[in-house]
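Peer 1: Attaching a predicted model along with its sequence, questions to come.
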Amino acid sequence: MDVVSWVALAVAVVSSLTALSATWIRARWHLHQEKARSDSLIAIAEALPAGGRLRDQRADGSYITLTVPTHGGFNG
């Protein structure tokens, strides 16, 4: 193998590792953002009074609605 082939191979390996690292960092960042969002929604839901309602809408248009029951639980 001549020098040019080794350089091309090294460039290919480095670029692949860089792309893989970027994907991993994005995934970790996204996971961190989802965890923070989940924690804040749980804190808000726990603070709702009986009969309160929470609606969370995401940027993609999907949403969840949570209504706190006015009685002591599902069987109550």
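Peer 2: On my side now, so go ahead.
Peer 1: any idea which helix or strand carries the residue nearest in space to the middle of the chain?
Peer 2: Centroid check for the chain by CA atoms, centre = their mean gives Glu34 as the closest residue, at 3.1 Å. Taking DSSP states H and E as the definition, Glu34 sits inside helix 3-47.
Peer 1: what does Pro49 give?
Peer 2: Going by DSSP H and E, Pro49 is not part of any helix or strand.
Peer 1: do the same with the one 5 residues further on
Peer 2: For Leu54, the enclosing helix or strand under DSSP H and E is strand 53-57.
Peer 1: Sketch out the low-pLDDT regions of this structure for me.
Peer 2: 1, 72-76 (pLDDT under 70).
Peer 1: Mind doing that once more with 50?
Peer 2: Residue ranges of the chain with pLDDT under 50: 76.
Peer 1: quick one, phi/psi of Asp60?
Peer 2: Dihedral angles of Asp60 (phi, psi; degrees, to the nearest 10) stand at phi -80, psi 0.
Peer 1: burial of it, as a residue count?
Peer 2: For Asp60, the neighbour count with other CB atoms under 10 Å is 6. Just so you know, the C-beta spots here come from the backbone N, C-alpha and C atoms, and that holds for glycine as well.
Peer 1: residues in contact with it?
Peer 2: With contacts defined as CB atoms under 8 Å, 6 or more residues apart in numbering, Asp60 has no neighbours.
Peer 1: And for Ala27?
Peer 2: With contacts defined as CB under 8 Å, 6+ apart, Ala27 has no neighbours.
Peer 1: Specify the local secondary structure of Ile64.
Peer 2: strand (DSSP: H, G, I helix; E, B strand; the rest coil).
Peer 1: shouldn't it be in contact with Asp56?
Peer 2: Yes. Using CB atoms under 8 Å, Ile64 is in contact with Asp56, at 5.3 Å.
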